[in-house]
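Trainee: no sequence on this one, just coordinates:
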Ligand SMILES: Nc1ncnc2c1ncn2[C@@H]1O[C@H](COP(=O)(O)OP(=O)(O)OC[C@H]2O[C@@H]([n+]3cccc(C(=O)O)c3)[C@H](O)[C@@H]2O)[C@@H](O)[C@H]1O
Ligand SMILES: Nc1ncnc2c1ncn2[C@@H]1O[C@H](COP(=O)(O)OP(=O)(O)OP(=O)(O)O)[C@@H](O)[C@H]1O
Ligand SMILES: [Mg+2]
């Protein structure tokens with residue numbers, strides 16, 4: 001009984017932290033998030049937004065919101081002061097490149113850059129392995145090596161976006177929403193590193209609904225989510241990696257019924273990833 005009560009309290013506190021509304025007004029959410037982006041840009045004194053566009057629904061939605069934000073700012077000022085820089089960041093040739101091109105066509109960014117992260121990611125990855133080997137550290141299983149290399153790819157994308165932002169007086173938005181945030185399903189200081197997170201407070205299905213409302217085609221708003229980080233498992237679906245469906249995660253966030261297995265996975269994963277959501281620990 002006491003256990004049940006403490007689990008209910010834990011669920012309620014996570015739901016409160018994630019800030020997802022059970023129902024949303026799409027037009028309101030779109031303008032609210034555009035206003036947030038505009039305000040962050042004005043407050044920073046910077047003039048660009050720089051975001052990686054993968055072809056997935058999260059960056060498509062966030063990218064379109066960014067483009068609309070700079071257009072509104074420029075219109076208000078009656079001059080072209082602000083711009084959105086979309087960045088394609090393939091590792092070599094991306095298997096779903098066509099989706100990325102469709103995303104760019106939907107976003108209509110002011111500027112598009114393509115930066116191949118393969119040389120950078122391979123370079124640091126191979127140097128790390130060589131140094132560990134030279135020091136006599138024990139070799140790790142191939143799958144584990146590939147998994148950690150995947151996080152290096154995400155951090156290489158982060159480095160590229162922040163360098164563009166540094167060069168062109170920009171902010172780097174992140175695409176993390178509450179369904180990823182609750183699961184800590186992002187690379188710490190990789191795609192988790194950003195200056196603002198315009199999609200926070202939305203479940204995955206709400207992000208899809210925003211994309212559809214913004215005029216995205218079904219190929220974009222219904223695309224199967226993938227981090228696509230591992231060499232050995234290209235286009236691995238998030239839901240396979242997570243061991244739970246976004247439908248169940250969204251139900252949890254929106255206060256709707258969730259099955260017992262999904263609930264256990266969500267609570268366990270939330271607790272395992274607390275370190276990603278808190279401030280960096282420091283001694284007192
Ligand atoms: N308890 C603890 N307290 C403080 N720090 C702790 C910690 N446990 C790990 N850490 C630190 O965190 C590191 C592990 O975190 P991290 O490097 O993020 O690695 P990790 O969480 O193990 O992996 C990232 C996961 O996010 C997924 N991902 C990444 C990027 C994008 C997307 C996407 O949806 O597109 C998904 C990826 O597929 C993978 O499943 C450890 O190496 C350690 O430095
Ligand atoms: N190949 C890539 N090119 C450019 N940016 C990328 C690439 N892969 C990942 N990113 C960046 O990292 C972010 C995190 O990836 P994530 O997979 O969570 O989002 P997504 O691909 O936009 O949507 P989904 O989660 O539905 O696949 C992306 O939103 C994007 O900003
Ligand atoms: Mg993706």
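Mentor: That came in fine, so what should we check first? The structure displayed is predicted, hence computed values, not measured ones. Numbering: from 1, shown residues only. Ligands and ions are numbered 1, 2, ... in the order given.

Trainee: what about the residue of the chain found nearest ligand 2, distance to residue 205?
Mentor: The minimum distance from the chain to ligand 2, using CB to the nearest ligand atom, falls at residue 56 (2.2 Å). Where C-beta positions appear, they are placed from N, C-alpha and C, glycine not excepted. As for residue 56, its distance to residue 205 is 15 Å (criterion: CB to CB, to the nearest Å).

Trainee: repeat for residue 10
Mentor: Plainly put, residue 10 is 23 Å away from residue 205 if you go by CB to CB.

Trainee: who's more crowded, those two?
Mentor: Set residue 10 next to residue 205 and count neighbours by other CB atoms under 10 Å: residue 205 wins out with 17 against 13.

Trainee: am I right that the more buried one sits in a helix?
Mentor: Yes - assessed with DSSP: H, G, I helix; E, B strand; the rest coil, residue 205 lies in a helix.

Trainee: next, the contact list for residue 175, please.
Mentor: By CB atoms under 8 Å, 6 or more residues apart in numbering, residue 175 lies in contact with 51, 58-59, 61-62, 191, 197, 199.

Trainee: tell me the contacts of the closest residue in space to it that isn't next to it in sequence?
Mentor: Closest residue to residue 175 apart from its sequence neighbours, by CB to CB, 6 or more residues apart in numbering: residue 58 at 3.9 Å. Contacts for residue 58 (CB under 8 Å, 6+ apart) come out as 175, 177, 180, 199, 207, 225.

Trainee: 10 Å - rerun?
Mentor: Counting by CB atoms under 10 Å, 6 or more residues apart in numbering, residue 58 makes contact with 174-177, 179-180, 191, 199, 202, 204, 207-208, 211, 223, 225.

Trainee: and the closest residue to residue 188 other than its chain neighbours, how many neighbours?
Mentor: Excluding its sequence neighbours, the residue lying closest to residue 188 (CB to CB, 6+ apart) is residue 276, at 5.3 Å. By other CB under 10 Å, 16 other residues sit near residue 276.

Trainee: so residue 276 is in which element?
Mentor: Per DSSP states H and E: residue 276 is located in helix 274-277.

Trainee: residues in contact with that helix: which ones?
Mentor: Contact partners of helix 274-277, identified using CB under 10 Å, 6+ apart, comprise 17, 176, 181-189, 192, 270, 281.

Trainee: of all residues in the protein, which one is closest to ligand 3?
Mentor: residue 56 (3.3 Å; CB to the ion).

Trainee: and the next helix or strand past the helix ranked longest in the chain?
Mentor: In the chain, assigned by DSSP state H, the helix with the most residues is helix 142-167. Next helix or strand after helix 142-167 toward the C-terminus (DSSP H and E): strand 170-171.

Trainee: what's that next one packed up against?
Mentor: In terms of contacts (3 or more CB pairs under 10 Å, 6 or more residues apart in numbering; DSSP states H and E), strand 170-171 is packed against helix 26-44, strand 48-52, strand 83-88, helix 142-167.

Trainee: touching ligand 1 at all, the last one?
Mentor: Yes - Helix 142-167 is in contact with ligand 1 by CB under 6 Å from any ligand atom, via 150-151, 154.

Trainee: ok so, going back, point out the other helices and strands that the longest helix of the chain packs with.
Mentor: Right, helix 142-167 is packed against strand 48-52, strand 83-88, strand 111-114, helix 118-134, strand 170-171 by 3+ CB pairs under 10 Å, 6+ apart.

Trainee: just the ones you listed: most buried one?
Mentor: strand 48-52 (a mean of 27; mean count of other CB atoms under 10 Å).

Trainee: state the mean pLDDT of the next helix or strand after that one.
Mentor: Using DSSP H and E, the helix or strand that follows strand 48-52 in sequence is helix 57-77. In this model, helix 57-77 has an average pLDDT of 98.
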